[in-house]
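Participant: need a 3D model of the sequence below.
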Amino acid sequence: LLLTLIRKVTCILKKELCLTSRYRHEYKYLIDSMEESILLIKAQGLLERDSHIRSDGTYVISSLYFDDYDNTCYYDNEDGNDLKCKFRIRYYNDDYRYMRLERKSKRRGMSLKESCSITREQCNMFMEGKIPDITSDLSEQAKRFFAEMNVKEMLPKVIVTYERMPFLYPAGNVRVTFDRKISASDDFENFLSPTRIERPILPLGKSIMEVKWDEFLPSHINEYLQLDELQWTSFSKYYLCRKYNTNGGIK
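Facilitator: Prediction:
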């Protein structure tokens, strides 16, 4: 009996270790325009450019976020709950040909992003608050996502748009990004249109720097960017946009 119990505990620990190893560290900092200018100069001298940027060194991210009737995702963020997840549809630079449905989980201060591609027709259904049917031609990831969203009765809640300037460092799979012009919208029917009505949600001159890595953050990056001296923030762009959306509050 004891041997059986030990085996079960060992199996659970192995699964836990495997799952945890897929998560990434993620730290966010609220910075002003002067801090951003200094940090950008440092990043350009130390880190590599992302290959997907436009000629100005940025790309634009548009995401449609979902939540249930009880706004569980929103309140998990507000209350600082350790284990939470959220669904979103994301595309880049107004290119509607490549859209992905993503499930982002947070656990013990670390994050895990899983994703699958979706069609424009499926996206249109999500925008209308409908979950597409689970058919045999879907990937296993898509089937799992659609089923979970259907059970939780997920609905579109907010559109988040921002401009990102990304940098990379191969050792530790480090990614440093500067996110500006963050705006919110509940104009869901125009999610796939550049004409939707949006509202900026950060004070003028403020932006968010994110630092992500796998198992370790090289010490010289931490020291060079002086991360310990910056204003750390726990709130996500999703939370801020839900809180300060175009209707002036959560709905």
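Participant: helices of the stretch 1-150 of the chain, start to end?
Facilitator: Taking DSSP state H, counting those that start in this stretch, the helices of the stretch 1-150 of the chain run over residues 2-20, 33-46, 72-79, 120-127, 140-152.
Participant: what's the fourth one packed up against?
Facilitator: Which is helix 120-127. When contacts are defined as 3 or more CB pairs under 8 Å, 6 or more residues apart in numbering; DSSP states H and E, helix 120-127 sits against strand 59-67, strand 99-107. Heads up, the C-betas are built off the backbone N, CA and C, glycines and all.
Participant: what stretches of the protein score poorly on pLDDT?
Facilitator: 1-21, 246-251 (pLDDT under 70).
Participant: against Y98, how distant is T135?
Facilitator: Look at T135 and Y98: by CB to CB, to the nearest Å, they are 21 Å apart.
Participant: please disregard the earlier target; I meant P200.
Facilitator: Distance, P200 to Y98, using CB to CB: 26 Å.
Participant: cool, and L47?
Facilitator: From L47 across to Y98, the span is 25 Å (CB to CB).
Participant: surely C73 is in contact with K86?
Facilitator: Yes: counting by CB atoms under 8 Å, K86 is a contact partner of C73 at 4.5 Å.
Participant: quick check: which of the helices and strands packed on helix 120-127 is nearest to I182?
Facilitator: Minimum separation from I182 across the helices and strands packed on helix 120-127 (CB to CB) falls at strand 59-67, 9.8 Å.
Participant: now the angle from the closest one to helix 140-152?
Facilitator: If you take axes from the mean of the first three to the mean of the last three CA atoms, to 10 degrees, strand 59-67 sits at 40 degrees to helix 140-152.
Participant: could you export the lengthiest strand in the chain as CSV, CA atoms only?
Facilitator: Assignment by DSSP state E gives strand 155-169 as the longest strand of the chain. The C-alpha trace of strand 155-169 is given here as CSV (Å, rounded to 0.1, in the frame of the first residue of the first chain):
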residue,chain,number,x,y,z
LEU,A,155,-18.5,36.1,-24.2
PRO,A,156,-16.5,39.0,-25.9
LYS,A,157,-15.8,41.6,-23.3
VAL,A,158,-13.1,44.0,-24.5
ILE,A,159,-10.8,44.7,-27.4
VAL,A,160,-7.2,45.7,-26.5
THR,A,161,-5.0,47.3,-29.1
TYR,A,162,-1.4,48.6,-28.7
GLU,A,163,1.9,49.2,-30.5
ARG,A,164,4.8,47.0,-29.4
MET,A,165,8.5,47.4,-29.8
PRO,A,166,10.1,43.9,-29.2
PHE,A,167,13.6,42.8,-28.4
LEU,A,168,15.1,39.3,-28.0
TYR,A,169,18.0,37.7,-26.2
